[in-house]
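>>> got a predicted model here, sequence first, then my questions.
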Amino acid sequence: KYLTKVGIKMSNELLEKAIQTTDLGTSAADSARGGLLKPEQSNRFIDYMFDATVVTKFARTIRMRSDIQEIDKIGVGERILKVATEATDTAANQSVVFAKISLATKKLRLDWELSSESLEDGIEGADLEDHIARMMATQVGNDVEDLVLNGVGTGSDPLLKALKGVVNIAKDEGHVVDAGGSTISKGVFNDALKKMPRRYKQRRNQLRFLSGSNLIQDYLYSLTTIPGTPEDIASGIVRGDVVANNGAPGGVIPYAFGIPVVEVPLLDEVQTGTHSGASGSHGDIHLTFPDNVIVGVKRDIVVHREFKPKKDTIEYTLFLRVGTAIENPDAFVVVKNVKVAAGYDTRDFAAATGGSYTNLPASRP
């Protein structure tokens, strides 16, 4: 009972927070029209949107004031010290490289509607309107994370065609290792670490592996196959100590060679594979610094609410702008073509293949 009360209290706090973000105006007329959220409302909306996402645990979020923002970047060469010869100018001064990262956003839209019957006849009554709005805000966060990770910037998918996400940027501009269809093992993590340029290993304790849920489960399962070794001790062999597995998305599940492995459930793990003789589904293992990924959200969020008499419905339209970039692709390693072991559930990806759940057991609807 105590845990139930605590859960209800936490849920109510989140709901109250969401209700505040959906208060669009200072009067009934303003609320009926909808419009630009006030700065504090936009900030609360963005906070709530990312509350249920994992991306904020390994990315740097920027609240942008314009559609495009430039981020300053400073870099130097690998070696800047030289032997000093007495009374001699041995070389020109070491130059410092200044660069800019252009973070461009893409306009996104979410539509939903409620019929008057659902508000009048439903058990929640008028509260259903706020309930649905809160659910949509949460889904916006999930969809933004999906786009930030798996966006392709082209094609027919209504969301993923908006921009190129972290996975594709890293494969185009970062360091890539081809696993060739092998399953996940300590060898995959070893290859990623060896591919990382040595100057970034000075901050080895700040590096993070990122992987999807199924590949992490395969890794944990492989650790249990060591004869006579329990799972927690087996993982300790790789990382040097033992820590509790909290099982939360975005949490650290195992370690690999002392580097945390962060679970990112929305990382695409149903890739077809690009190696010779590829079959089954594949995923990626990423190695980088948490703040190397940048997610930009323009602070101006627009929500329109309009009653349609002919349909007897209330229509909502939400607009926001989102962008993503990798600050330093040279500090990003991707191990591609890592095969996912059989037995995974593909229902979460049904929408990408037409929206029909073809793999459900016959006894289920």
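Great, that's in hand. Numbers count the residues shown, from 1 in each chain.
>>> show me where pLDDT drops low in the stretch 201-350 of the chain?
224-253, 343-350 (pLDDT under 70).
>>> all helices of it, in order?
Along the stretch 201-350 of the chain, the stretches classed as helices by DSSP state H, counting those that start in this stretch are 213-224, 231-239.
>>> who are the packing partners of the first one?
Contacts defined by 3 or more Cβ pairs under 8 Å, 6 or more residues apart in numbering; DSSP states H and E place helix 213-224 against helix 231-239, strand 252-256, strand 259-263, strand 282-288. Where you see a C-beta, it was placed from the backbone N, CA and C, and this is true even at glycine.
>>> who does the longest strand seen in the chain pair up with?
The longest strand of the chain (DSSP state E) is strand 313-326. Strand 313-326 has the following strand partners under DSSP bridges: strand 106-115 (antiparallel), strand 293-298 (antiparallel), strand 302-308 (antiparallel).
>>> show residues contacting the longest one.
Outside of strand 106-115, the residues that reach it under the criterion Cβ atoms under 8 Å, 6 or more residues apart in numbering are 128-129, 132, 136, 139-140, 143-144, 147, 159, 162-163, 308, 311-323.
>>> quick one: mean pLDDT for the lengthiest helix in the chain?
Counting by DSSP state H, the longest helix found in the chain is helix 127-150. The pLDDT scores in helix 127-150 average 80.
>>> just the CA atoms of it, as PDB, please.
What follows is helix 127-150, C-alpha atoms only, in PDB (Å, rounded to 0.1, in the frame of the first residue of the first chain):
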ATOM      1  CA  ASP A 127     -10.500  15.600 -17.400                       C
ATOM      2  CA  LEU A 128     -10.000  13.300 -20.400                       C
ATOM      3  CA  GLU A 129      -8.800  16.400 -22.400                       C
ATOM      4  CA  ASP A 130      -5.900  17.000 -20.000                       C
ATOM      5  CA  HIS A 131      -5.200  13.300 -19.800                       C
ATOM      6  CA  ILE A 132      -4.800  13.000 -23.500                       C
ATOM      7  CA  ALA A 133      -2.700  16.100 -23.700                       C
ATOM      8  CA  ARG A 134      -0.300  14.700 -21.100                       C
ATOM      9  CA  MET A 135       0.000  11.400 -23.000                       C
ATOM     10  CA  MET A 136       0.700  13.300 -26.200                       C
ATOM     11  CA  ALA A 137       3.500  15.300 -24.500                       C
ATOM     12  CA  THR A 138       5.100  12.100 -23.400                       C
ATOM     13  CA  GLN A 139       4.900  10.600 -26.800                       C
ATOM     14  CA  VAL A 140       6.400  13.700 -28.300                       C
ATOM     15  CA  GLY A 141       9.500  13.100 -26.200                       C
ATOM     16  CA  ASN A 142       9.700   9.500 -27.300                       C
ATOM     17  CA  ASP A 143       9.400  10.500 -31.000                       C
ATOM     18  CA  VAL A 144      12.000  13.200 -30.700                       C
ATOM     19  CA  GLU A 145      14.400  10.700 -29.200                       C
ATOM     20  CA  ASP A 146      13.700   8.200 -32.000                       C
ATOM     21  CA  LEU A 147      14.400  11.000 -34.600                       C
ATOM     22  CA  VAL A 148      17.500  12.200 -32.800                       C
ATOM     23  CA  LEU A 149      18.900   8.700 -32.800                       C
ATOM     24  CA  ASN A 150      17.700   7.000 -36.000                       C
END
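>>> list the buried residues in the next helix or strand after it.
Heading C-terminal from helix 127-150, the first helix or strand you meet, by DSSP states H and E, is helix 166-173. Using 16 or more other Cβ atoms under 10 Å as the test for burial, helix 166-173 gives Val166, Val167, Asn168, Ile169, Ala170, Lys171.
>>> pull the CA atoms of the longest strand of the chain into CSV?
This file holds the C-alpha atoms of strand 313-326, laid out as CSV (Å, rounded to 0.1, in the frame of the first residue of the first chain):
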residue,chain,number,x,y,z
THR,A,313,-14.6,17.4,-32.2
ILE,A,314,-11.8,19.4,-30.7
GLU,A,315,-8.6,19.4,-32.9
TYR,A,316,-5.1,20.0,-31.5
THR,A,317,-2.0,20.8,-33.5
LEU,A,318,1.4,21.1,-31.9
PHE,A,319,4.5,22.5,-33.6
LEU,A,320,8.1,22.4,-32.4
ARG,A,321,11.6,22.5,-33.9
VAL,A,322,14.3,20.0,-33.2
GLY,A,323,17.9,19.5,-34.4
THR,A,324,20.8,17.3,-33.5
ALA,A,325,24.6,17.2,-34.1
ILE,A,326,27.8,15.5,-33.0
